[in-house]
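> Please find the sequence and the predicted model below.
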Amino acid sequence: MFATDTIAAISTPPGKGGVAIIRISGEAAFEIAERCFAPRSGKPLSAYPARHAVYGCILSENRPIDDGLAVRFPAPASYTGENMVEICCHGGILLTQKVLEETFAQGAVQAAPGEFTRRAFVNGKLSLSRAEAVGRLLEAQTEAQMKLAAPDATDALEGEVGAIYGLLLSLLSSLFADIDYPEEDLGELSVEEILSRLREAQTRLDALLATYRTGHAIAEGIPCVICGRPNVGKSSLYNLLCGEDRAIVTSEAGTTRDVLEKTVACGQVTLLLCDTAGLRDAESAAEKIGVERSRARIKEAELIFAVFDASAPLTEEDRALLEELAARRDVCRVGILNKTDLPAVLAPADIAPACDEVLSLSALTGDKQPLCELVEKLFLSERITPGHRAILSGARQAAAVRRAAECVQSAQAAFAAGFAHDVAASDIERALSALGEISGREVSEQIVADIFSHFCVGK
Ligand code: GDP
């Protein structure tokens with residue numbers, strides 16, 4: 001897990017830009033930078049104080065190719081905890097590549113995706129949950145996702161996990177004292193006290209686990225499909241949610257041929273939204289593919305918006321969809337009575353038995369607020385506000401808390417059944433180890449590699 005190579009990468013996105021940053025990290029970072037960068041003063045870069053921006057020439061094969069800035073960050077006060085240098089040059093595609101190649105010529109190797117952050121984790125500069133939050137921050141597409149990936153959200157989570165960890169650890173040490181010195185009265189805890197502390201840990205773990213519903217809906221997003229027969233207004237609803245005319249809206253049946261997918265904010269909930277082809281018997285080959293794909297998407301969905309035209313009686317196709325919906329108790333089904341700007345023919349009661357919720361709206365003239373409020377009510381147990389409490393926002397974290405909760409439960413059962421203290425102690429040890437996975441205190445190299453492989457190069 002401990003890297004010795006000195007790595008380099010372009011840390012800014014590829015393309016033309018005002019400035020670009022090339023990062024170098026590792027034992028040889030200063031020597032490499034010294035050979036790629038010549039301060040204007042003629043003094044070596046090392047003659048300048050740490051963390052000062054130094055103006056000078058950027059060299060390639062000993063010749064100046066650009067002017068820019070270089071900053072040295074001596075270990076351990078750097079992002080990675082190693083010696084680091086950041087070279088800022090102009091943001092040209094070929095230029096940045098040349099600067100990077102020069103660092104390679106001087107002994108650096110290409111950084112793998114997320115390797116700077118991975119080294120920061122290995123060197124104790126940031127916890128695994130913070131590193132994961134950095135990854136989510138880079139990927140954030142909605143305001144709520146950004147807030148949940150912000151440092152204060154990780155602090156809240158680590159604070160709560162740390163408090164439960166501390167509670168269990170103090171319990172474990174008093175149990176060990178009792179196991180090691182059973183004859184002595186060390187003023188250790190009574191069985192009632194132990195049970196009460198375990199119950200407290202259990203309550204806090206359960207409460208934390210319950211927040212994953214909110215975290216999942218915001219950070220990971222809810223796969224959602226819009227379905228309904230042709231012309232009921234699916235594309236119009238999709239556009240209302242996306243806030244743009246992305247889907248082609250026409251009054252000719254069967255024009256939404258393929259599956260459009262977009263990440264959209266529905267209030268604070270993130271929807272991974274699909275506008276599917278109308279589920280009718282497709283005539284053309286393109287339509288057939290679209291219909292097949294939509295069926296697959298409906299299977300994976302966690303939320304279905306089933307759209308009906310409130311200005312017309314139910315058709316055979318509508319009734320078939322209602323039948324399908326009635327059988328899908330595993331997903332959240334929201335029936336939408338669209339076109340309420342026209343005289344109403346359908347009433348909510350006509351579709352309510354097959355749906356969890358029914359909402360009347362006009363995709364053409366209405367606003368999406370009532371739908372957003374409904375979706376928030378269905379998927380959020382709380383809203384993200386400044387200073388909100390700890391929220392689990394990833395499946396990995398939730399699985400670790402779930403395991404810890406199971407171990408604490410089995411420790412309680414061991415006590416209640418009167419087993420020797422060491423049986424419960426081993427349960428508590430396993431709970432601690434599960435909680436340790438969240439910060440990365442105890443985590444396998446496989447998991448670490450998997451997390452950082454999703455980062456971009458240069459981060
Ligand atoms: P899709 O085939 O289900 O995707 O339906 P579209 O979104 O393409 O809409 C079909 C037709 O219904 C278009 O002419 C839309 O302008 C119209 N439409 C959609 N929503 C509404 C609505 O709320 N009110 C009215 N009056 N027309 C609508």
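Nice, thanks for sending it over.
> now the strands for the chain?
Per DSSP state E, the chain carries strands over the ranges 7-10, 17-25, 37-39, 54-60, 63-73, 84-91, 109-110, 222-227, 260-266, 269-275, 303-309, 332-338, 357-360.
> could you list every residue that touches A70?
Residues in contact with A70 (CB atoms under 8 Å, 6 or more residues apart in numbering) are A33, F37, P39, L45, A53, V54, G56, V85, E86, I87, C88. Bear in mind the C-beta positions are built from the backbone N, C-alpha and C, glycine included.
> and which of those residues is nearest P113?
Set against P113, the nearest of the contacts of A70 by CB to CB is E86 (18.6 Å).
> mind checking how far the closest one is from the ligand?
Applying CB to the nearest ligand atom, to the nearest Å, the value for E86 to the ligand is 50 Å.
> neighbours around that residue, how many?
Neighbour count of E86, defined by other CB atoms under 10 Å: 20.
> ok, it touching Y79?
No: the criterion here is CB atoms under 8 Å, and E86 misses it with Y79 at 9.1 Å.
> Residues that sit against both of those two, list them.
Common neighbours of E86 and Y79 (CB under 8 Å, 6+ apart) are F73.
> nearest residue to R403 other than its sequence neighbours?
Computed as CB to CB, 6 or more residues apart in numbering, the closest residue to R403 that is not its neighbour in sequence is A434, at 4.1 Å.
> Low-confidence regions, the stretch 251-400 of the chain specifically.
251-260, 275-295 (pLDDT under 70).
> hang on, the earlier thing: tell me the spacing between the residue nearest to R403 and E220.
According to CB to CB, to the nearest Å, A434 stands 21 Å off from E220.
> same thing with D350?
34 Å.
> for E139, same thing?
Taking CB to CB, one finds E139 at 11 Å from E220.
> Check the contact lists of those two and give me the overlap.
With CB under 8 Å, 6+ apart, E139 and E220 have no common neighbours.
> In contact with the closest residue to R199 other than its chain neighbours, which residues?
Nearest in space to R199, with sequence neighbours left out and distances taken as CB to CB, 6+ apart, is Q412 at 7.1 Å. Contacts of Q412 were listed using CB under 8 Å, 6+ apart, and they are L195, L198, R199, Q202, A424.
> Now the buried members of those.
L195, L198, Q202, A424 (16 or more other CB atoms under 10 Å).
> one step back: among the strands of the chain, which is nearest D155?
The nearest among the strands of the chain, by CB to CB, is strand 269-275 at 22.1 Å.
> residues in contact with the closest one?
Residues contacting strand 269-275 (CB under 8 Å, 6+ apart): 141-142, 144-145, 217-226, 234-235, 237-238, 241-242, 247, 256, 259-265, 294, 297, 301, 303, 372, 375-376, 379-380.
> again, 6 Å this time
Contacts with strand 269-275, where a contact means CB atoms under 6 Å, 6 or more residues apart in numbering, come from 142, 217-218, 221-226, 234-235, 238, 247, 259-264, 297, 375-376, 379.
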